[in-house]
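# Dropping a prediction and its sequence here:
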Amino acid sequence: MIPVTGGSLAPANRQRERLVRSIAQSQLLTSAALLLLAIFALVVDTEAFVDPLFFGGLALVFVVTGAAVLVPWNEHNKPWAVLLPVADIVAIVCVGEGNPSLGTGLFLVFPVIWMARNFYLSGAVAGVTLSTGLLWVAWAARDEPASIEDFFGLVLLPLTLSFIATTIYVTNQRSIGQRVLLRQQAALTETAFSRARRQEQYLDEVLNTVEFGVLAYNREGVVTLVNESHRQSLVDFGAPRSAYVYPVVYQADRVTEFPEATRPFSRALAGQSFENLILWVGEPGSKRAAFSVTSRALTTHDGEPDGGVLVLRDVTAELDAIQARDDLVGSVSHELRTPLTSIIGYLELVLDDEDLTESTQKMIDIAHRNSERLMSLVTDLLQAASDADKSLTLNFEECDIAEIVQQAIDGQRPTASANRVELKGDIAGPILASADPLRIRQVIDNLLSNAIKYNRAGGSVTLAVTRSAESLSVSVDDTGVGLSEVERSQLFDRFYRTESARASQIHGSGLGMGITRDIVRQHGGDLTVTSTPGVGSSFVITLPAVRREQF
């Protein structure tokens, strides 16, 4: 309670001090002017002080000055302060009547200004009216005929006081309006600052609560924000708490250090934006962690660079799980391959026996086909596991892409006929390119096989090969079930199968499309897909017309 009371009294004390200071300053101005007049009169005309009006007027001014300084003015007795300029007007008129030659009437400007400034319109009107009335009463009391000298004191001086009072009033009103506006703007600014401070506090609390690291920097590259999660991670890997980047970071292979120019923070400072850049921290053989780093460059409303943000998400568990999965898949697939090879071999020997009955041969043939399909799945699994951390081995040579596509069409015609799907080929060869013919045939076979399997009875598959100066493309268009947007976004993920594939009786491992795209990209090209559910899909393989050697 004590701090609250003290806080409420402080503004009141400051307001009372301002009021006392304002009244004293206004009165001292009038007193100083009349003091100078008295000194002048003492020098040039010592007999002026003999006149009771002159002396009484000066005495009244200094009495009023004492009252202005000594009275403890506050908001309650402030209205009584109007008596001070009123007394000054009376005193100045008296001094003027006591010695007309000194031109004391001009000093009426001071109390009139005081009344107009502090008591607004009523004070301005009262000050001019009182001054004019006293001047006219004093002239009438002299009982002298009017002269040209009286014109200034009786007409021009009141007019001058009126203009001055009006100007002071208008200026004061404008100043009051400006002060009110400034107070409102100050209140709005303080509210905005308070809101900004609260938002900053909330942001700090949120960023220090999340488990991923956040690092922000301004347009000069100076780090402005590091959240608690990132600071703790730095400390865990030997960096001082004041640091903002790890001393050493390794690339996705876990052993190759990032060059300084390609480190995530260096790239971010260069204005680059990127996603899911994998880095490892910690020395090999010790505690290690992997982070997926995303950078976003920020801009002002005018599009000018304004710093950026780095977000580091710990993906150690995910990468370890992927590695464990690939190791398991590779190990299991390798162990399955040996007995499957033996089973297939013996089944082939049994099928060669001419003494088998037709029904027995049919059952063994079914077992043989399923064994070969299982071997195909195991081969895909082995290839996926072996290709997880290394590139495919390609043997480039000059080959005719058009001929490879035509061979793939011819090889798939029996399957297409069995599924009542029409194969169409718009192939105009030769179209030569530097590629691995076996891998390209694998790509075409996989796309063509899927287009047939996931088509509808009576549908069609159209293949076309085109070439430009810079690239060549192979398109596979079907009239099948199509893909949704979500399915297209995950189509090339390993082990992913679409909803329609899972609902059908068609078996698969979900590896083919990922391997297919990897092969195309190893050739320096890309595989893209467009699709409309219920209408069909279009897969386009793009390959460079001339192979560029990798140095």
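In hand now; what should we look at?

# Okay, helices next: where are they in the stretch 251-400 of the chain?
264-269, 316-351, 358-386 (DSSP state H, counting those that start in this stretch).

# Export those helices to a markdown table and append columns for mean pLDDT.
As requested, these are arranged in a markdown table below (pLDDT from 0 to 100):
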| stretch | mean pLDDT |
| --- | --- |
| helix 264-269 | 88 |
| helix 316-351 | 76 |
| helix 358-386 | 73 |
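
# So which of these is the most surrounded?
Highest mean neighbour count among these (mean count of other Cβ atoms under 10 Å): helix 264-269, with a mean of 20. C-betas here are computed from N, CA, C, even on glycine.

# what separates that helix from the chain centre, distance-wise?
18 Å (Cα atoms, centre = their mean, to the nearest Å).

# got the CA positions of it in PDB?
Included here for helix 264-269 are C-alpha records, laid out as PDB according to Å, rounded to 0.1, in the frame of the first residue of the first chain:
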ATOM      1  CA  PRO A 264      24.400 -23.100 -42.500                       C
ATOM      2  CA  PHE A 265      24.900 -19.800 -40.600                       C
ATOM      3  CA  SER A 266      27.300 -18.500 -43.300                       C
ATOM      4  CA  ARG A 267      24.800 -19.400 -46.000                       C
ATOM      5  CA  ALA A 268      22.000 -17.700 -44.000                       C
ATOM      6  CA  LEU A 269      24.100 -14.500 -43.600                       C
END
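
# packing partners for that helix?
strand 213-217, strand 274-281, strand 289-299, strand 305-314 (3 or more Cβ pairs under 8 Å, 6 or more residues apart in numbering; DSSP states H and E).

# ok, 7 Å please
Contacts defined by 3 or more Cβ pairs under 7 Å, 6 or more residues apart in numbering; DSSP states H and E place helix 264-269 against strand 274-281, strand 289-299, strand 305-314.

# Just send these back as TSV, with distance to Asn77 too.
TSV is the format used below for the helices and strands packed on helix 264-269 (distance: least, Cβ to Cβ, whole Å):
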stretch	distance to Asn77
strand 274-281	73
strand 289-299	59
strand 305-314	57
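
# what would those strands look like in a markdown table with mean pLDDT, distance to Leu356 and mean neighbour count?
What follows is the helices and strands packed on helix 264-269, written out as a markdown table (pLDDT from 0 to 100; distance: least, Cβ to Cβ, whole Å; neighbours: other Cβ atoms under 10 Å):
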| stretch | mean pLDDT | distance to Leu356 | mean neighbour count |
| --- | --- | --- | --- |
| strand 274-281 | 89 | 56 | 17 |
| strand 289-299 | 90 | 57 | 18 |
| strand 305-314 | 90 | 61 | 18 |
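
# returning to that earlier point: how about the helices of the stretch 251-400 of the chain, which one is nearest Val529?
helix 358-386 (19.9 Å; Cβ to Cβ).

# ok so, going back, the helices of the stretch 251-400 of the chain into CSV, with extra columns for distance to Ile89?
As requested, the helices of the stretch 251-400 of the chain are arranged in CSV below (distance: least, Cβ to Cβ, whole Å):
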stretch, distance to Ile89
helix 264-269, 74
helix 316-351, 89
helix 358-386, 105
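
# For Glu403, find the nearest of those helices.
Taking these one by one with Cβ to Cβ, helix 358-386 is closest: 25.0 Å.

# Please name whichever of the helices and strands packed on helix 264-269 is nearest to Glu354.
Set against Glu354 and scored by Cβ to Cβ, the helices and strands packed on helix 264-269 come closest in strand 274-281, at 59.5 Å.

# still on that earlier bit, for Leu472, which of the helices and strands packed on helix 264-269 is the nearest?
strand 274-281 (30.0 Å).

# ok, how many other residues are close to Leu543?
Neighbour count for Leu543, taken as other Cβ atoms under 10 Å: 23.

# what do you get for Val248?
Neighbour tally, Val248, other Cβ under 10 Å: 15.

# Okay, the closest residue to it other than its chain neighbours and Pro247: tell me how far apart.
Distances taken as Cβ to Cβ, 6 or more residues apart in numbering place Glu257 nearest to Val248, at 6.1 Å, with adjacent residues excluded. Look at Glu257 and Pro247: by Cβ to Cβ, to the nearest Å, they are 11 Å apart.

# Give me the helices and strands touching the longest helix out of those in the chain, please.
Across the chain, the longest stretch assigned as helix under DSSP state H is helix 157-209. Here helix 157-209 touches helix 109-118, helix 120-142, going by 3+ Cβ pairs under 7 Å, 6+ apart.

# repeat that with 8 Å
Checking 3+ Cβ pairs under 8 Å, 6+ apart, helix 157-209 ends up next to helix 109-118, helix 120-142, helix 228-236.

# now it: how far from the chain's centre is it?
Mean-position distance between helix 157-209 and its chain equals 30 Å (Cα atoms, centre = their mean).

# now that helix and helix 120-142, what's the angle there?
If you take axes from the mean of the first three to the mean of the last three Cα atoms, to 10 degrees, helix 157-209 sits at 160 degrees to helix 120-142.

# so after the lowest-mean-pLDDT helix or strand in the chain, what's the next helix or strand?
Every helix and strand of the chain was ranked by mean pLDDT, DSSP states H and E. The lowest is helix 499-503, at a mean of 51. Once the chain leaves helix 499-503, the next helix or strand it forms, by DSSP states H and E, is helix 512-522.

# Identify each buried residue in that following helix, please.
Across helix 512-522, burial judged by 16 or more other Cβ atoms under 10 Å covers Gly512, Met513, Gly514, Ile515, Thr516, Arg517, Asp518, Ile519, Val520, Gln522.

# can I get those in CSV with distance to Ala261 and pLDDT?
Listed next are these as CSV, based on distance: Cβ to Cβ, whole Å; pLDDT from 0 to 100:
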residue, distance to Ala261, pLDDT
Gly512, 38, 68
Met513, 35, 79
Gly514, 32, 75
Ile515, 34, 78
Thr516, 35, 83
Arg517, 30, 86
Asp518, 28, 83
Ile519, 32, 85
Val520, 30, 89
Gln522, 27, 86
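
# Tell me which of the helices and strands packed on helix 264-269 lies nearest to Phe492.
When the helices and strands packed on helix 264-269 are ranked by distance to Phe492, counting by Cβ to Cβ, first place goes to strand 274-281 at 14.8 Å.

# what helices or strands is the closest one leaning on?
So strand 274-281, by 3+ Cβ pairs under 8 Å, 6+ apart, packs with strand 249-250, helix 264-269, strand 289-299.

# And the contacts of the shortest one?
Pointing back at strand 249-250 there. Applying Cβ atoms under 8 Å, 6 or more residues apart in numbering, the contact partners of strand 249-250 are Thr256, Glu257, Phe258, Arg263, Pro264, Leu279, Trp280, Val281.

# between those residues, which is nearest Gln184?
Pro264 (47.3 Å).

# what residues are up against the closest one?
Val249, Phe258, Phe274, Leu277, Leu279, Val293, Ser295, Leu310.

# Output the residues you listed as TSV; include the columns distance to Gly177.
What follows is those, written out as TSV (distance: Cβ to Cβ, whole Å):
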residue	distance to Gly177
Val249	62
Phe258	63
Phe274	55
Leu277	58
Leu279	61
Val293	56
Ser295	51
Leu310	50
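
# quick one: contacts of stretch 142-155?
Glu97, Gly105, Leu135, Trp136, Trp139.

# Look at Lys529 and give its secondary structure.
You called it Lys, but residue 529 is Val. strand (DSSP: H, G, I helix; E, B strand; the rest coil).

# Mind checking the helices and strands packed on strand 274-281 for the one nearest to Leu161?
strand 289-299 (61.9 Å).

# Sheet-wise, list the partners of the closest one with their directions.
If you go by DSSP bridges, strand 289-299 pairs up with strand 274-281 (antiparallel), strand 305-314 (antiparallel).

# Looking at these, spot the one closest to Ala216.
strand 305-314 (4.9 Å).
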